[in-house]
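Colleague: structure of the sequence below:
(one chain, ligands or ions: 1)
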Amino acid sequence: MKTRGISILGSTGSIGRNTLRVVESLGDEFLVVALGAGRNVELLAEQCARYQPELVSVGTEECAELLRVELKRIDAAPPRVTIGEAGLVEVATHEGAGCVVSAAVGAVGLVPTLRAVEAGRRVALANKESLVIAGELMTRAAERSGAEILPVDSEHNALHQCLRGERREEVRRLVLTASGGPFRTGTREEMERASVEEAMRHPTWQMGAKITIDSATLMNKGLEVIEAQWLFGFGADEIEIVVHPESVVHSMIELIDGSVIAQLGATDMRHAIQYALTYPERRTSALAPLDLARLGALHFEPPDPERFPCIALAYRAMRAGGTAPAALNAANETAVAAFLDRRIRLTDIPRVIARVLDAHAARGVTDLDTVIAADAEARQHAGEVIAELSSAKEPARSLPKATHAD
Ligand code: MG
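Modeller: Got it, this is the predicted structure:
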């Protein structure tokens, strides 16, 4: 078997760490050539010692210095170190990497991921934001370069598996499943009062902070609807969401004859990661198989639009098109960060996004600059709305406090 080079954007995050475990489990099929991280230099240094990449990138010059010190302390051979977005782009386009795992969090992953697509790499995509912000640019670039985009997001990975061998015109709709998050059975009042810790308690998946909050507001599912639009070429009226608390059915497709095909599996991201790396082939996996008899029952219910207004906001941005999804994403990232900082309430997140979308005049996306300008504009506006909300209502100090260090 030929060894293939792989680079990972976001190697110290949850997807990055799981990717490295998958790479290890596949023996010498993959060789890690480049790793991109942000500030977690201790873990990055450990990864350097273990996988010996040729190139790494970190967030800032200060992080690079800390990394050098740490590598020396643990007596690891130093790789070439680059910084910032330019560094991530180098990691994404490293000539030895046929496959790039895009798992940086949020809009920071956009440019490096686009460059990897333009360079014709296989992109195993976990950074859904890059498709939400610039899906049009990304799909156009993939058509030109022949790059394959393989989704790592469990729902889209499931849809990719369901769609294998089906003809587009014979597929009526896509059905994305949502766990419903920690407030699936909660009241509106419980959501108003929710602390960061309560919102971080995801029932089925272990993930990073940003996506876990997105799962509590169901904005994650809204972003995923837009992601599915670009990955598979379906419109807003052809993509639906169903809440499925067990997260065992990862998603489904409905065909024109009414047949429904679903993909099921254990809730472990390593399944999707391995699929994206080895596609179109499959490899045996040591992960525990699904035991349906032990599970006993699976449940499905419609999402509640009253308690989860983020879903409607995402559909609205998707229908508006152009730069609207970029504005939606930027407002959401800004609002989620403010919630994690305890400056606004969980239920303020959709309020911020709605205000930003109301004021946003969507423009057609012709180039990256248009998208980046819309992103910056929406972030600034979201910041203003957040400042207003956090001063007009109760002062921030009366918001729920942490019960333990986070
Ligand atoms: Mg998902």
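
Colleague: name the nearest residue to Ala147, ignoring sequence neighbours.
Modeller: Nearest-residue entry for Ala147: Val117, 4.5 Å, with adjacent residues in sequence omitted and distances by C-beta to C-beta, 6 or more residues apart in numbering. The C-beta positions use only the backbone N, C-alpha and C, and glycine is treated the same way.

Colleague: read off the pLDDT value for the residue of the chain found nearest the ion.
Modeller: Proximity to the ion, evaluated over the chain using C-beta to the ion, is greatest for Asp153 at 4.2 Å. pLDDT recorded at Asp153 is 94.

Colleague: phi, psi of it?
Modeller: Main-chain dihedrals, Asp153, degrees, to the nearest 10: phi -50, psi 130.

Colleague: ok, it - contacts?
Modeller: Applying C-beta atoms under 8 Å, 6 or more residues apart in numbering, we find Asp153 in contact with 125-126, 128, 224, 227, 272.

Colleague: over to Glu42?
Modeller: So Glu42 contacts Glu70 (C-beta under 8 Å, 6+ apart).

Colleague: quick check: next helix or strand after the helix or strand hosting the residue nearest to Ala147?
Modeller: When elements are assigned from DSSP states H and E, Val117 belongs to helix 110-118. Once helix 110-118 ends, the next helix or strand along the chain (criterion: DSSP H and E) is strand 122-125.

Colleague: packing partners of that following strand?
Modeller: If you count contacts as 3 or more C-beta pairs under 8 Å, 6 or more residues apart in numbering; DSSP states H and E, strand 122-125 packs onto strand 99-102, helix 110-118, strand 149-151, helix 269-278.

Colleague: only alpha carbons, please: show it as PDB.
Modeller: What follows is strand 122-125, C-alpha atoms only, in PDB (Å, rounded to 0.1, in the frame of the first residue of the first chain):
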ATOM      1  CA  ARG A 122      -8.500  15.900  -1.200                       C
ATOM      2  CA  VAL A 123     -10.100  18.000   1.600                       C
ATOM      3  CA  ALA A 124     -11.600  16.100   4.500                       C
ATOM      4  CA  LEU A 125     -13.800  18.900   5.700                       C
END
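
Colleague: what pairs with it, parallel or antiparallel?
Modeller: Under the criterion DSSP bridges, strand 122-125 sits next to strand 99-102 (parallel), strand 149-151 (parallel) in its sheet.

Colleague: what sits up against it?
Modeller: Strand 122-125 has contacts (C-beta under 8 Å, 6+ apart) with 19, 98-102, 113, 116-117, 131, 147-153, 273, 276-277.
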